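Trainee: Here's a sequence, model it:
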Amino acid sequence: MPVSKNNIVTEDANSSKIKVFNFGTFHMAGTSDAHKTEFDENDVKSKSETYEIAKMIAKFKPTVICVEREPSENENMNKDYQLFLNNDKHLPNYPGEIGLIAYQVGKLTNVKKIYCIDEQETAQYNYNITNELENPIDSITSKMYLKHTFANLAETDKLSTLEKLRSFNTQEFYDLSINLNADILSYTATKNHFEGADEAAKFYRRNLRIYSNLNQIPLSKNDRVFIIMGTAHAAFLNEFLKRSPKYETVNVLDYLK
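Mentor: This next block holds a predicted model:
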């Protein structure tokens, strides 16, 4: 049994941790997010591209798949997923990245069940508060950051689907996603108040609850978990997972080749 320099007993980091493929994506069937990636999920080329990506991910050989829907949808989703597995003509009732990638990965790797781990009670936070708050103490930092960031994000629309997803699953993009969706709001406040920080805290809370939903799934050390969610959620999950005593993340880019 490994022992640290301070004689504190520690567990071998790789001996019993559950492998996790934490995959961040743009929403392929429309979104209310501030930045929307242009994508036609019904286009033949789009379907071909996502199927090739699903085959890359399938090399991870997951035993469990988690998606961005609430746990209350577990039963309906798995009925739909079973129809998809057993009928080649069945079109998924869950569009976008769930039907295009999650279902396909599951079919390729014989995954029996999909888990919904999203949380919506705190989903409606006001990330536009920077443009709505009157007389903020700092009226520049957040607005300039958002303007510059959205301009740069527009450039990613020129990339192929695979190139976009490779870019979205880097530490640099994870950091940008957390800053864009939460931390930058903390610069927006009126004197002695915390309007922006309070909105950012709602998004932190949502992602912690998503992580809690993941932790409530019955798993064994032999399981291999594939998570597919919007990149902002993947970014937060990456922070939680890398400090976890239970999980070990794999490098997504090792598979997206």
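Trainee: wait, Glu70 sits on Glu119?
Mentor: Yes: Glu70 lies in contact with Glu119 (Cβ atoms under 8 Å); the separation is 6.9 Å. The way it works is simple: take the backbone N, C-alpha and C, and place the C-beta from them, glycine included.
Trainee: List the buried residues for stretch 137-150?
Mentor: Going by neighbour count (16 or more other Cβ atoms under 10 Å), the buried part of stretch 137-150 is 142-143, 145-146, 149.
Trainee: Redo those residues as a markdown table? Include pLDDT.
Mentor: Shown next, in a markdown table, are the buried residues of stretch 137-150 (pLDDT from 0 to 100):
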| residue | pLDDT |
| --- | --- |
| Ser142 | 94 |
| Lys143 | 94 |
| Tyr145 | 95 |
| Leu146 | 93 |
| Thr149 | 94 |
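Trainee: Among those, name the ones in strands.
Mentor: Under the assignment DSSP state E, the buried residues of stretch 137-150 contribute nothing to strands.
Trainee: will you turn those residues into CSV that also has distance to Val225?
Mentor: Listed next are the buried residues of stretch 137-150 as CSV, based on distance: Cβ to Cβ, whole Å:
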residue, distance to Val225
Ser142, 35
Lys143, 39
Tyr145, 33
Leu146, 33
Thr149, 30
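Trainee: closest to Ala29 among the residues you listed?
Mentor: Thr149 (23.6 Å; Cβ to Cβ).
Trainee: so that closest one touches Leu180, yeah?
Mentor: Yes: applying Cβ under 8 Å, one finds Thr149 in contact with Leu180, separated by 5.6 Å.
Trainee: give me every residue that touches Lys107.
Mentor: 84-85 (Cβ atoms under 8 Å, 6 or more residues apart in numbering).
Trainee: Show me how far the helix or strand where Ala200 lies is from its chain's centre.
Mentor: Element membership for Ala200 (DSSP states H and E) is helix 195-215. Per Cα atoms, centre = their mean, to the nearest Å, the displacement of helix 195-215 from the mean C-alpha position of its chain is 13 Å.
Trainee: contacting residues around Lys89?
Mentor: So Lys89 contacts nothing (Cβ under 8 Å, 6+ apart).
Trainee: Now do it against Leu83, distance only.
Mentor: 10 Å (Cβ to Cβ, to the nearest Å).
Trainee: which residue ranges form the helices in the chain?
Mentor: Remark: helices assigned in the chain by DSSP state H are 44-58, 74-86, 96-97, 103-109, 129-132, 141-155, 161-168, 171-181, 195-215, 231-242.
Trainee: mind listing what's buried in the first one?
Mentor: The reference is to helix 44-58. 49-50, 53-54, 56-58.
Trainee: Tyr127 reaches Arg206, doesn't it?
Mentor: No: judged on Cβ under 8 Å, Tyr127 makes no contact with Arg206 at a distance of 11.8 Å.
Trainee: what about the stretch 1-150 of the chain, any weak spots by pLDDT?
Mentor: The model of the stretch 1-150 of the chain has pLDDT under 70 over residues 1-15, 30-42, 122-123.
Trainee: Give me the buried positions along stretch 105-120.
Mentor: Buried residues in stretch 105-120, defined by neighbour count with 16+ other Cβ under 10 Å: 105-109, 111, 114-119.
Trainee: which one among these gets closest to Ser160?
Mentor: Val105 (19.2 Å).
Trainee: if I look at that closest one, how far off is Glu199?
Mentor: 34 Å.
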